[in-house]
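J.: heads up, no residue letters with this:
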């Protein structure tokens, strides 16, 4: 493989990561917003608020990631496979965020906003990797 091709692939990966960051950032902030609104304004239990936020974020995320973040990447010949895999990755995301909510607001007794920190910094990195290498590959 020549250097020009490596540079081109690296640039494509960088652009994809930037698109994912923009889209994922929006979806993450939307989910966090729904979570905080439900948990802090409407006094919904944090775990229930997280599930509600997940439902909003996963629906929005699938549409935006498939059409923008990972456009032109991989095959799209099997929508059922791609959708199923996206759902599995979103369940990983829900499990991670639920773990953060449980640990940080339960045993550690922190305020309802504490889980938003790993939701913002840890979960997106995990889901980018899974989406790039498995869902939209």
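T.: Noted; the coordinates are in hand. On a predicted model such as this, the values are computed, not experimentally measured, just so you know.
J.: from the chain's centroid, how far away is the strand or helix carrying residue 84?
T.: Per DSSP states H and E, residue 84 falls inside helix 79-105. Centroid separation for helix 79-105 versus its chain: 8 Å, with Cα atoms, centre = their mean, to the nearest Å.
J.: quick one: contacts of stretch 90-106?
T.: 31, 46-47, 50-51, 53-54, 57-58, 61-62, 110-112, 114-115, 118-119, 122-123, 126-127, 130 (Cβ atoms under 8 Å, 6 or more residues apart in numbering). Where you see a C-beta, it was placed from the backbone N, CA and C, and this is true even at glycine.
J.: for it, what is the average pLDDT?
T.: Stretch 90-106 shows a mean pLDDT of 92.
J.: rewinding a little: just the buried subset of the contacts of stretch 90-106, please.
T.: 31, 46, 50-51, 53-54, 57-58, 61-62, 112, 114-115, 118-119, 123, 127, 130 (16 or more other Cβ atoms under 10 Å).
J.: residues contacting residue 116?
T.: By Cβ under 8 Å, 6+ apart, residue 116 lies in contact with 32, 35-36.
J.: ok, it to residue 46 distance?
T.: 11 Å (Cβ to Cβ, to the nearest Å).
J.: between the two, which contacts overlap?
T.: residue 35.
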